[in-house]
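# Predicted model and sequence below, questions to follow.
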Amino acid sequence: MAELVAVIASTHHPFYYRASTAPPEERPPFADAWVAKIAAFRETLTRANPDVLVMVGSDHFHQLWLDNMPQFLVGKAPFYDANFYNEEREFGLPRMLLRGQEDLSAHVLREGLDAGFDLAFSNELRIDHSVTCPIITLRPEADLPIVPIYTNIFAPPLPRPKRFVDLGRTIRQLVESWPSDKRVAVIGTGHLSLELGGPRQFGPHGPDPEFDRKAVEWIASGDIEGCLSEVTLDSLWEPGNATHGFMDFMLMMGVAGEGAKADYVDTLDLFHTMEAYFTWYPNGVTA
Amino acid sequence: MSKYLIDKFLFTVDRDPDLVERYREDPRGTVDWWEAERANSILGCHSGEASTWLRFEDTEREALASHDYVRLFELGAHPFLTLTLFIAMFERDYDEPLAFQKEYGMRLQHFSLPYPDIAT
């Protein structure tokens, strides 16, 4: 069976690419510290030596739209074009092309359906910065095949937080039951407190540092029960109107498992939102 | 209420570079044209199929036609769609990085939780 060699949860900050690639005179003052943090985070994936990446993210009204909105969708395609015109325009993100691991997509869909998740699928999926940001930060070579899994954290009605955790637990079981000798990393991105298009946006810090502190503690300690006891669809409006993206972190806590302490934890307090980076090695990792 | 149609306008304009410029330069004309010609297009159908029933309410049409993003927030337009399109149109008019985004937030300061419902 396949081996789950790393579980990684991260924020996906679309400004990182531009901040890290701009010429020196245009680099923001925090860019060097940010690049150093990302380099250290990247090493946690490199050390796991994965063959395949399962990428959990959320389409930001790019390909998925309100006339036909899936709650959870799995890409099943040999290739995925990536990034959209408006991401190029606003964030300077490059167009990319990623290979797909189609047999793992088929396995996730078949076994996921049988496990009680009515997963939608796409045979022609263009992925956006929720998936390409962690490729840029963690695997800039973009050389590993992927299985993209999209969640709806964006267009109400949303699945409840526990459903995200349960899907994470199931994704882990599906990866570990995949008849393959591949080494698989599951990487998911979301947000801590975040406000977009509201009165608390683009402040000197994230809109709710106290939520961020608790969220980092829940994730780092694998405290799924504690997190679920406080986080609801209603409560997530309070830290910021885009904070439902935190449910993708909760999904990744489900992948990592109850009580699983992260092997690597780092954060970076930026304007607008806090960055956070977590890595678990379910079976350890060579030094 | 046709929050869905407001969102559909923002979504379809935002993804078309020519429409972004047209809406910036001629908001009222673009909204009128779009409502007449595009509002009923079913985006997921590959050619020609259309709905028959979609139209803006007067307050919604006016908010779009006057570039009034504060009013759009109040009406429950999806804030990500509004923000993204308005950055595309107006960030260029400001000298400092993020100046438009900060002004946008300031102009919404009178809203407190719970914000207007964005469910469609």
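Sure thing, it's come through.
# And for stretch B:90-110, what's in contact with it?
Stretch B:90-110 is contacted by residues A:195, A:197-203, A:271, B:24, B:69-70, B:73, B:83, B:86-87 when judged by CB atoms under 8 Å, 6 or more residues apart in numbering or on different chains. Where C-beta positions appear, they are placed from N, C-alpha and C, glycine not excepted.
# how does it look with 7 Å?
For stretch B:90-110, the surrounding residues in contact (CB atoms under 7 Å, 6 or more residues apart in numbering or on different chains) are A:198-202, B:69-70, B:73, B:83, B:86-87.
# Could you look up the SS state of A:Val175?
Counting by DSSP: H, G, I helix; E, B strand; the rest coil, the backbone at A:Val175 sits in helix.
# And for A:Ser10?
strand.
# just A:Ala185 next, same as before
Strictly by three-state DSSP, A:Ala185 counts as strand.
# Which of the residues in the helix or strand where B:Leu5 lies are classified as buried?
B:Leu5 belongs to helix B:3-14 when assigned by DSSP states H and E. For helix B:3-14, burial by neighbour count (16 or more other CB atoms under 10 Å in any protein chain shown) applies to B:3, B:5-14.
# Does it reach chain A?
Yes: for helix B:3-14, a contact with chain A is found by CB under 7 Å from any CB of the partner chain, at B:4, B:7, B:11, B:14.
# which among the buried residues of helix B:3-14 gets closest to A:Thr11?
Closest approach between those and A:Thr11, by CB to CB: B:Asp14, at 23.3 Å.
# how close does that closest one get to A:Asp114?
From B:Asp14 across to A:Asp114, the span is 39 Å (CB to CB, to the nearest Å).
# can you count the residues close to residue 2?
Let's take chain A. Neighbours of A:Ala2 under the rule other CB atoms under 10 Å in any protein chain shown: 19.
# That was the other one, I meant chain B.
Other residues close to B:Ser2 by other CB under 10 Å number 18.
# Now do it against chain A, distance only.
12 Å (CB to the nearest CB, to the nearest Å).
# and that residue, what is it in contact with?
By CB under 7 Å, 6+ apart, the contact list for B:Ser2 reads B:54, B:56-57, B:60.
# packing partners for the helix holding B:Leu5?
Helices and strands touching helix B:3-14, by 3 or more CB pairs under 7 Å, 6 or more residues apart in numbering or on different chains; DSSP states H and E, are helix B:17-25, helix B:58-65, helix B:69-75, helix B:79-90.
# between those, which gets nearest to A:Asp212?
Of these, nearest to A:Asp212 by CB to CB is helix B:79-90, at 20.1 Å.
# Please work out the average pLDDT along stretch A:279-287.
Mean per-residue pLDDT for stretch A:279-287: 90.
# In terms of helix, strand or coil, where does the residue of the stretch 151-287 of chain A found nearest chain B fall?
With CB to the nearest CB as the measure, A:Gly197 is the residue of the stretch 151-287 of chain A nearest to chain B, at 2.8 Å. With three-state DSSP as the basis, A:Gly197 sits in coil.
# Tell me how many other residues crowd it.
26.
# Just the pLDDT at it, thanks.
98.
# Which helix or which strand is home to A:Arg99?
A:Arg99 belongs to strand A:96-99, assigned by DSSP H and E.
# so where's the chain shaky on pLDDT?
All of this is about chain A. Applying pLDDT under 70 to chain A flags residues A:287.
# Not quite, go with chain B.
Looking at chain B by pLDDT under 70, you get B:1.
# For chain A, what is the nearest residue in it?
In chain B, the residue that lies nearest chain A is B:Pro79 (2.8 Å; CB to the nearest CB).
# ok, that residue touching A:Gly198?
Yes: between B:Pro79 and A:Gly198 there is a contact at 5.6 Å, judged by CB atoms under 7 Å.
# Quick check: neighbours shared by the two?
With contacts taken as CB under 7 Å, 6+ apart, the residues that reach both B:Pro79 and A:Gly198 are A:Asn241.
# rewinding a little: so what's the gap between the helix holding B:Leu5 and the chain middle?
Relative to the chain's own centre, helix B:3-14 is displaced by 6 Å; criterion: CA atoms, centre = their mean, to the nearest Å.
# what sits against residue 56?
Unless you meant another one, I'm taking chain A. A:149, A:151, A:186, A:188, A:248, A:251-252 are the contacts of A:Val56 under CB under 7 Å, 6+ apart.
# other chain: chain B
By CB under 7 Å, 6+ apart, the neighbours of B:Phe56 are B:2, B:5, B:35.
# Number of residues surrounding A:Val165?
A:Val165 has 23 nearby residues by other CB under 10 Å.
# Nearest residue to it in space, please, no chain neighbours.
The shortest distance from A:Val165 to any non-neighbouring residue, by CB to CB, 6 or more residues apart in numbering or on different chains, is to A:Gly254 (4.0 Å).
# What is the helix or strand containing that neighbour packed up against?
A:Gly254 is located in helix A:246-256, with elements delineated by DSSP H and E. Packed against helix A:246-256 by the contact rule (3+ CB pairs under 7 Å, 6+ apart) you find strand A:3-11, strand A:52-57, helix A:161-176, strand A:183-190, helix A:209-221, helix A:224-230.
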